[in-house]
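Okay, here's the prediction I keep looking at, along with the sequence it came from:
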Amino acid sequence: MTELLAKLFVRNHENTKDPAVRTAYGKLSGWVGIVCNVLLCAGKFLVGLFSGSVSITADAANNLSDASSSVISLIGFKLSEKQADEEHPYGHARYEYLSGLMVAMLVILIGFELLKSSIDKIIHPEAVVFSWVSVGVLAGSILMKLWMMCFNLRVGKRIDSQALLATAADSRNDVISTGAVLAALLLSAFTPLELDGWMGLLVAAFILWSGAGLVRDAMSPLLGKAPDAETVEHIRDRIMQYPGVIGTHDLMIHDYGPGRQFASVHVEMAAEADVLASHDVIDNIERDFLREEGLNMVVHYDPIVTADAAVGDLRREITGIVAKIDERLSIHDLRIVPGTSHTNVIFDCVRPPEFGIPDKQLEREIQQAVRERHPDHFCVITVEASFAPIPKMRSEELA
């Protein structure tokens with residue numbers, strides 16, 4: 001069904017890297033959510049009104065909020081396709097993240113409303129009128145929500161949309177909550193137990209817990225989420241394939257919304273090589289990432305002395321030293337300044353953002369390890385936090 005809908009309503013549906021195709025998928029998901037949830041809301045509301053079940057009526061209200069969420073997602077995708085302007089030179093793609101946050105807040109709101117009505121039903125219990133029509137409507141709702149979950153999950157993964165993945169998680173929550181309501185209805189009908197209010201309370205707690213997770217996931221890219229380790233490795237491995245590249249460091253990725261990523265990275269190349277040739281390689285790196293992956297990459301050229309064997313040996317030696325302290329540590333921009341009484345070894349050491357050893361203590365440990373091997377060497381170390389996961393050292397870097 002997902003493929004059929006994509007073929008019918010998304011032009012050029014296989015080219016998901018195209019922003020227009022991506023937006024079309026988002027709009028399709030929004031309309032599907034609106035239609036399905038309005039139908040479910042109407043059916044459950046009538047059944048809840050007839051049976052007097054607060055949990056069924058609350059579940060109908062939950063579907064109404066889901067329809068509202070779909071409207072918000074639809075508007076978010078529409079606004080995110082606006083072109084960049086003078087006030088927003090990086091575009092408006094973050095509207096999609098904002099719509100995901102609003103959907104998460106609606107989930108929490110409906111959870112509080114259900115919590116309130118469930119507590120009232122526990123304090124003032126009323127008998128629930130059982131009918132097989134109610135059972136049929138709830139069972140049909142579960143099946144439809146299962147399909148909606150699968151639909152949004154497939155589309156969300158296809159276009160890498162956090163908003164649609166949140167919608168899929170919300171549909172999963174609806175399957176669980178409606179299943180609980182159905183269980184309460186059956187138990188109340190065939191046993192002396194009146195579980196309508198208590199089951200509504202459990203469903204409310206689950207919705208609130210899930211909503212908190214959705215808020216956290218929606219806030220993460222807005223607050224500047226670090227790129228995942230797979231992305232960092234992919235960028236590094238690809239850059240290392242270009243001729244003359246010795247290494248990379250200081251990768252930073254800024255996310256202004258889906259399809260609006262900007263990155264900067266330092267690329268190490270031999271200082272003895274032709275500058276124009278190295279500059280041409282850097283131009284190719286930037287151009288290829290933009291054309292093939294839609295990533296606006298700015299590359300900083302770092303010349304590395306390769307003709308001096310002593311510098312290379314010391315770089316590998318200190319790389320091994322910091323790796324023994326913690327494998328997440330790395331160094332770059334090492335240079336040697338000889339003096340009459342001692343030799344200054346100047347380099348940067350990169351650590352994870354959350355690191356157990358204070359910077360000054362880390363400097364002392366590295367300095368001590370180097371002085372044990374080279375008593376006349378004095379390390380001038382700049383410790384800096386990484387803005388991306390630090391790739392593991394390669395064997396050739398530790399050799």
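Received, thanks. It should be emphasised that the depicted structure is a prediction, and the values quoted were computed from it without experimental measurement.

Which neighbouring elements make contact with the lengthiest helix in the chain?
In the chain, ranked by residue count with DSSP state H as the criterion, the top helix is helix 19-51. The contact analysis (3 or more Cβ pairs under 8 Å, 6 or more residues apart in numbering; DSSP states H and E) places helix 19-51 against helix 2-9, helix 54-80, helix 132-159, helix 162-190. For glycine as for every other residue, the C-beta is placed from the backbone atoms N, C-alpha and C.

switch to 7 Å and redo it
Applying 3 or more Cβ pairs under 7 Å, 6 or more residues apart in numbering; DSSP states H and E, one finds that helix 19-51 contacts helix 54-80, helix 132-159, helix 162-190.

List just the one of the ones you listed that sits closest to E292.
Comparison of the helices and strands packed on helix 19-51 against E292 by Cβ to Cβ identifies helix 132-159 as nearest, at 17.8 Å.

Just want the angle from the closest one to helix 19-51.
Interaxial angle of helix 132-159 relative to helix 19-51 (axes from the mean of the first three to the mean of the last three Cα atoms, to 10 degrees): 170 degrees.

Just to check, D174 is in contact with W147?
No - judged on Cβ atoms under 7 Å, D174 makes no contact with W147 at a distance of 11.6 Å.

Could you say which one of the helices and strands packed on helix 19-51 comes nearest to Y256?
With Cβ to Cβ as the criterion, Y256 lies closest to helix 54-80 of these, at 10.4 Å.

Can you name the next helix or strand after the closest one?
Next in sequence after helix 54-80, counting helices and strands by DSSP states H and E, comes helix 95-123.

Which other helices and strands does that next one contact?
So helix 95-123, by 3+ Cβ pairs under 7 Å, 6+ apart, packs with helix 54-80, helix 162-190, helix 196-223.

Out of those, which one sits most buried?
helix 54-80 (a mean of 23; mean count of other Cβ atoms under 10 Å).

And that one, how far out from the chain middle?
22 Å (Cα atoms, centre = their mean, to the nearest Å).

With stretch 319-327 instead?
Centre-to-centre, stretch 319-327 and its host chain are 30 Å apart (Cα atoms, centre = their mean).

One more: stretch 142-149?
In terms of Cα atoms, centre = their mean, the centre of stretch 142-149 is found 24 Å from the chain centre.

For it, buried residues please.
Residues I142, M144, K145, M148, M149 are the ones in stretch 142-149 that count as buried (16 or more other Cβ atoms under 10 Å).

so can I have TSV of these showing distance to E292 and pLDDT?
Putting the buried residues of stretch 142-149 into TSV (distance: Cβ to Cβ, whole Å; pLDDT from 0 to 100) gives the following:
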residue	distance to E292	pLDDT
I142	43	89
M144	40	89
K145	38	87
M148	34	90
M149	33	90
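
where in the stretch 251-399 of the chain is pLDDT low?
Applying pLDDT under 70 to the stretch 251-399 of the chain flags residues 391-399.

thinking again about what came up before, output the helices and strands packed on helix 19-51 in TSV; the columns should cover distance to A212.
Shown next, in TSV, are the helices and strands packed on helix 19-51 (distance: least, Cβ to Cβ, whole Å):
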stretch	distance to A212
helix 54-80	16
helix 132-159	19
helix 162-190	12
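
Out of those, which gets nearest to D280?
Closest of the helices and strands packed on helix 19-51 to D280 is helix 132-159, at 34.7 Å (criterion: Cβ to Cβ).

Output the contacting helices and strands for that closest one.
Judged by 3+ Cβ pairs under 7 Å, 6+ apart, the packing partners of helix 132-159 are helix 2-9, helix 19-51, helix 162-190.

I253 is in what secondary structure piece?
Element membership of I253, judged by DSSP H and E, is strand 245-255.

got it, and I239?
Using DSSP H and E, I239 sits within helix 229-240.

List the buried residues for that helix?
Within helix 229-240, the residues scored as buried using 16+ other Cβ under 10 Å are T231, V232, I235, R236, I239.

Repeat that for stretch 252-270.
With burial defined by 16+ other Cβ under 10 Å, the residues of stretch 252-270 counted as buried are 253, 255-261, 263, 265-269.

Repeat that for stretch 373-390.
Within stretch 373-390, the residues scored as buried using 16+ other Cβ under 10 Å are H374, H377, F378, C379, I381, V383, S386, F387, A388, P389, I390.

do the same with stretch 324-340
Using 16+ other Cβ under 10 Å as the burial criterion, the residues of stretch 324-340 that qualify are D326, R328, L329, S330, I331, H332, D333, L334, I336.

just for the stretch 51-200 of the chain, where's the confidence low?
For the stretch 51-200 of the chain, the stretches with pLDDT under 70 are 51, 53-55, 58-59, 126-130, 193-195.
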